[in-house]
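Colleague: This is a predicted model, with the sequence first.
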Amino acid sequence: MRPAILNPLFAEMTAIKGVGPALARQFSRLGIERVLDLAYHLPAGCIERLRVESISSALEGRFVTISVDIAGHDKAGPKSPLRVRTNDADGNELMLVFFTDRGGYAQKLLPVGERRVVSGKLERYGAALQIVHPDHIVMQDKAEEIPRREPVYGLTEGLTNRRMRMQIEAIVERLPDLDEWIEPSLLDRKKWPDWRTALLDAHALQNENVARDRLAYDELFSSQLALRLMRQAARRQGAQALKGDGRYLDALMATLPYRPTGAQQRSIAEILGDIGSKAPMLRLLQGDVGSGKTLVALAAMLSAVEAGAQSALLAPTEILARQHMATISGLLGDIDVRVAILTGRDKGAARRQILDNLANGAIDILIGTHAIFQDAVDYRQLGLVVVDEQHRFGVAQRMMLARKAEKTAHMLVMTATPIPRTITLTQYGEMDISRIDEMPPGRTPVATSVMNQERLEEVIEGVARLLNSGGRAYWVCPLVEESETGGDLAAAEARAALLKARFGEIVGLVHGRMKGPDKDQVMADFQDGRIKLLVATTVVEVGVDVPEASLMIIEQAERFGLAQLHQLRGRVGRGAATSHCLLLRAPDISETARQRLKLIRESNDGFYIAEEDLKLRGGGELLGHKQSGDPVFRVATPEQISALVETARDDARLLVENQGGLAGKRGEAARVLLYLFERDEAVGLLRSG
């Protein structure tokens, strides 16, 4: 149950005086549903108001506060703007312009012959200097009420900055005083204010850098504490120790035409050590595109089967699930391990047969989409869960999957998207990490080029030469079809039609809106060589393995995230032929986009690209991927995450392992913090005791 002291913060917006249903809907468009959301809607910037005695062209573009005498009102017609002529202390004319003046409000506020203090942005219109809709108009004796620095908030249609500021001021002074959850020595070292003062200062633009750092730390600490509690709870529950005898794993290694890399061997050893323990494994396997993660995962699953347990491999898409099925079946060959696949497409008798075999133990390894963890799916003895993490399950979802087992299943999460270290800590802080940083034999670097989209005909001629020599290629577009909002984008359907007119039936099209069987048929035709040129959306980003394909063309490349570009590029370079990736860009792109394309052109190292991309982007979605399981931070910027997350991790570990967890005064304060930031996975633990 949420601590009572937080209840006012979780009240709906209509609980604030002056906020009715209509205004609440406007706030809702900004994601502000409750008082808490409004309190954390921090200023996006500020207005610096310069107090001046007289105006001049040197002040154009600045916000000025000035005392003026009202000389006259000009209004040419009913639909014309109201222009109020004024003069400053030196007689310079300043025009105040009102495009709307409901009820003659501005005329009443600015009577001819009177003096007023006005404040707003000074602009030039023809030969005249003017302020359009002044932000402040007050009597001379109220001049000091006009702030010199004023917060500017993110807004939506129908909400003004003044209205936003009014509503925020109505709540921030009534924020509750909360007990301190930050380690006292850290609080003293950083000179941070308490939580309430930090929010007040951030909105008042006082000591805002210190205040925002404090608030960012709160978020990071709550996230790290939740991860630490989840890890502790999982390990307390226990798991089956999966100590295999090596018969299947040895057989697999004996059939491989190559020796696993040192990084693969190291990762396998780390994983087998984990699953051989009664403490549930929580491990992230990071490996660049083509580094051999599937082999490592299969080694772990075989060891689980040797120990009498079942394994489950969860893929984010049906295409990837079927690719895993094909790859794993090929690696196993004649090894007597029973593998099956289950997706949302499987219905009726076929589905029932799979479920029966799973429940009675006739299936050793089940591969599939989210369908393999639905309520109706029962395992005889699930011991290991492998999640291919392209879509980032959050912590709570990962734990839900692990609990499909009689005891907690061991969990291995794989990601081919290189993740900077600081982001790894926020997304996977409860996990140990194995990293495959070597490429297996036969993987050659892909040569990458950037070309102006206007040279499209040259590109098509190059594709013709490749196809004539027996090669295969991908052509990736950002949209499926033309739309009113994105008509300038290359559309997969339109591009496929153009290329089919040139090359005939050897051109295929695949995209996410196609039915599963249709997608499978196109992919099978491409793998078998009946299709030579595959036009696609990012549905081919992961899991597609066609070694004969040696060319990847990506249109409007500047519109893709770097991780997507790196993943797409990883679809080629899988065979013996030299492979190329061609990034087609618009004629005019931003400097940041230019730098990102330069980065991917110059490096094939996904980990390096990830770190550099984080520096280039600053804020925004990690590598262009907005993931459903990512922690949502209201305040913390990438820079603050980099600076503070390791301290937050260490502080969370200290509290949980050495200071009694959520017991004691600091623990009780931390419990409030978890509810404040709605760390649902940890809140669930609190509710269950």
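Modeller: It's in. Residues are numbered from 1 along each chain as shown.
Colleague: Could you pull out the helices in the stretch 451-600 of the chain for me?
Modeller: Secondary structure of the stretch 451-600 of the chain (DSSP state H, counting those that start in this stretch): helices at 456-468, 492-503, 516-528, 562-569, 591-602.
Colleague: Deepest-packed of the ones you listed, please.
Modeller: Mean neighbour count (mean count of other Cβ atoms under 10 Å) peaks for helix 562-569 among these, with a mean of 25. Using the backbone N, CA and C atoms, a C-beta is placed for each residue, glycine as well.
Colleague: In PDB, could you pull the C-alpha coordinates for that one?
Modeller: Presented in PDB, the C-alpha positions along helix 562-569 are these (Å, rounded to 0.1, in the frame of the first residue of the first chain):
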ATOM      1  CA  LEU A 562      22.900   3.900 -35.700                       C
ATOM      2  CA  ALA A 563      22.000   0.600 -34.000                       C
ATOM      3  CA  GLN A 564      19.600  -0.200 -36.800                       C
ATOM      4  CA  LEU A 565      22.200   0.700 -39.400                       C
ATOM      5  CA  HIS A 566      24.700  -1.500 -37.700                       C
ATOM      6  CA  GLN A 567      22.200  -4.400 -37.400                       C
ATOM      7  CA  LEU A 568      21.200  -4.100 -41.100                       C
ATOM      8  CA  ARG A 569      24.800  -4.000 -42.200                       C
END
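Colleague: Begin at 47 from now on, thanks
Modeller: In the new count, where the first residue is 47, that last one comes out as helix 608-615.
Colleague: What average pLDDT does it get?
Modeller: Taken as a whole, helix 608-615 has an average pLDDT of 85.
Colleague: just checking, what packs against it?
Modeller: strand 595-600, strand 626-631, helix 637-648, helix 652-663 (3 or more Cβ pairs under 8 Å, 6 or more residues apart in numbering; DSSP states H and E).
Colleague: If we use 6 Å, what do you get?
Modeller: Judged by 3 or more Cβ pairs under 6 Å, 6 or more residues apart in numbering; DSSP states H and E, helix 608-615 is in contact with strand 595-600, helix 637-648, helix 652-663.
Colleague: Compute the inter-axis angle for the second one and helix 652-663.
Modeller: Yep, that's helix 637-648 we're talking about. 170 degrees (axes from the mean of the first three to the mean of the last three Cα atoms, to 10 degrees).
Colleague: For helix 637-648, what is the distance to the chain centroid?
Modeller: 20 Å (Cα atoms, centre = their mean, to the nearest Å).
Colleague: Compute the inter-axis angle for that helix and helix 608-615.
Modeller: Here the directions of helix 637-648 and helix 608-615 differ by 30 degrees (the same axes, to 10 degrees).
Colleague: ok, and what's touching helix 637-648?
Modeller: The contact list for helix 637-648 (Cβ atoms under 6 Å, 6 or more residues apart in numbering) reads 494, 496, 604, 608, 611, 629, 658, 662.
Colleague: What count of nearby residues applies to the third one?
Modeller: Neighbouring residues of residue 604 were enumerated by other Cβ atoms under 10 Å; the total is 21.
Colleague: can you check the first one too?
Modeller: In terms of burial, residue 494 registers 21 neighbours under the definition other Cβ under 10 Å.
Colleague: Doesn't it belong to a helix?
Modeller: No - according to DSSP: H, G, I helix; E, B strand; the rest coil, residue 494 belongs to no helix; its state is strand.
Colleague: was I right about it contacting residue 627?
Modeller: Yes - using Cβ atoms under 6 Å, residue 494 is in contact with residue 627, at 4.5 Å.
Colleague: give the contact list for the closest residue to residue 483 other than its chain neighbours.
Modeller: Once flanking residues are discounted, residue 483 sits nearest to residue 309: 5.4 Å by Cβ to Cβ, 6 or more residues apart in numbering. Neighbouring residues of residue 309 by Cβ under 6 Å, 6+ apart: 482, 483, 484.
Colleague: what's the closest of those to residue 218?
Modeller: For these, the closest approach to residue 218 (Cβ to Cβ) belongs to residue 483, at 48.0 Å.
Colleague: quick one: low-confidence parts of this structure?
Modeller: Residues of the chain that meet the criterion pLDDT under 70 lie in 435-452, 464, 466, 468, 488, 525-536, 587-589, 660-661, 663-678, 726-735.
Colleague: ok, and the closest non-adjacent residue to the residue in the chain sticking out farthest from the centre?
Modeller: Residue farthest from the centre of the chain, counting by Cα atoms, centre = their mean, is residue 159 at 57.7 Å. Computed as Cβ to Cβ, 6+ apart, the closest residue to residue 159 that is not its neighbour in sequence is residue 116, at 6.5 Å.
Colleague: So the residue farthest from the centre of the chain: helix, strand or coil?
Modeller: Recorded secondary structure, residue 159: coil (three-state DSSP).
Colleague: separation between it and residue 118?
Modeller: Using Cβ to Cβ, to the nearest Å, we find residue 159 at a distance of 10 Å from residue 118.
Colleague: can you check residue 198 too?
Modeller: Distance, residue 198 to residue 118, using Cβ to Cβ: 32 Å.
Colleague: Those two: who's more crowded?
Modeller: Comparing residue 198 with residue 118 by other Cβ under 10 Å, the one with more neighbours is residue 198, at 14 against 10.
Colleague: gap between that one and residue 110?
Modeller: 16 Å.
Colleague: cool, and residue 545?
Modeller: Counting by Cβ to Cβ - residue 545 and residue 110 are separated by 59 Å.
Colleague: cool, and residue 137?
Modeller: Distance from residue 137 to residue 110, by Cβ to Cβ: 17 Å.
Colleague: Who has more neighbours out of these two?
Modeller: Using other Cβ under 10 Å, the more surrounded residue of residue 137 and residue 110 is residue 110, with 21 against 8.
Colleague: now for the helix or strand where residue 347 lies, which elements pack on it?
Modeller: Using DSSP states H and E, residue 347 sits within helix 339-352. The contact analysis (3+ Cβ pairs under 6 Å, 6+ apart) places helix 339-352 against helix 293-301, helix 308-321, helix 364-378, strand 428-434.
Colleague: tilt between it and helix 308-321?
Modeller: Using the same axes, to 10 degrees: helix 339-352 against helix 308-321 is 30 degrees.
Colleague: how far is helix 339-352 from where the chain is centred?
Modeller: 30 Å.
Colleague: Parallel or antiparallel, list what pairs with the next helix or strand after it.
Modeller: Next along the chain after helix 339-352, taking DSSP H and E as the criterion, comes strand 356-360. Sheet pairing of strand 356-360 (DSSP bridges) gives strand 411-414 (parallel), strand 428-434 (parallel).
Colleague: report the angle between the axes of strand 356-360 and helix 364-378?
Modeller: 140 degrees.
Colleague: Show residues contacting strand 356-360.
Modeller: Counting by Cβ under 6 Å, 6+ apart, 347, 350, 370, 411-413, 418, 425, 427-428, 430-433 sit against strand 356-360.
Colleague: Return the member of those residues nearest to residue 184.
Modeller: Comparing the contacts of strand 356-360 against residue 184 with Cβ to Cβ places residue 433 closest, at 60.6 Å.
Colleague: Distance check, the closest one against residue 77.
Modeller: 28 Å.
Colleague: out of these two, which sits in the busier spot?
Modeller: A direct count of neighbours by other Cβ under 10 Å for residue 433 and residue 77 places residue 433 higher, at 26 against 12.
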